[in-house]
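**Q** below are the sequence and a predicted model; questions follow.
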Amino acid sequence: MKKNVSQNPNPALQDLEILVGDWKMELSNASFLPHSSDTVTGHVSIKWLEEGAFLVMYMGSQPRGTPDAIWLIGRDESTTNYVVLYYDNRKVSRVYEMSFSDGTWKMWRNSPGFSQRFEGKLSEDGNTITAHWQNSSDGSTWEHDFDVTYAKLR
């Protein structure tokens, strides 16, 4: 018999409530697209999992230009940062650290040969996130990877 361990939402994730919903994604200025002027649009859905125990983000692009991915977000209640488990249809698995404070959303991973970092700013009305990704092969020299904008649909 399955026991529901999350009868109440996880208080360690309360600050992320503003992210919950469906978002239109527009990716631009991407180093990995055939032409840097190309844009890719997609859909992002951010939902509570197990009645608030975790947050899950599903990402899909149309037309295909970026991977379909799932992000599972949680947090140790004794720390200020979150942990993000990432997996996509290329069979890529990654673990990121994440922070969300004062409308600034950051994710990063420091891994030999390929480090990444993300920074997004939430608009005052909570309906737009303007962000960018960077990557580094040595962990110290950072290059622009792509820009991404999320517009809340509901």
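**A** Sure, I can see it.

**Q** check which residues of the lowest-mean-pLDDT helix or strand in the chain are buried.
**A** The weakest-scoring helix or strand in the chain, judged by mean pLDDT, DSSP states H and E, is strand 54-62 (a mean of 87). Going by neighbour count (16 or more other Cβ atoms under 10 Å), the buried part of strand 54-62 is 54-57, 59-61. C-beta here means a position set from N, CA and C on the backbone, and glycine is covered the same way.

**Q** which residues in the protein form strands?
**A** 21-28, 40-49, 54-62, 69-74, 82-88, 93-101, 104-109, 115-122, 128-136, 143-152 (DSSP state E).

**Q** any stretches of the chain with poor pLDDT?
**A** Scanning the chain with the threshold set as pLDDT under 70 gives 1-7, 62-66.

**Q** quick check: phi and psi at the residue nearest to residue 60 when sequence neighbours are not counted.
**A** Distances taken as Cβ to Cβ, 6 or more residues apart in numbering put residue 68 closest to residue 60, at 4.6 Å, once the chain neighbours are dropped. Main-chain dihedrals, residue 68, degrees, to the nearest 10: phi -70, psi 130.
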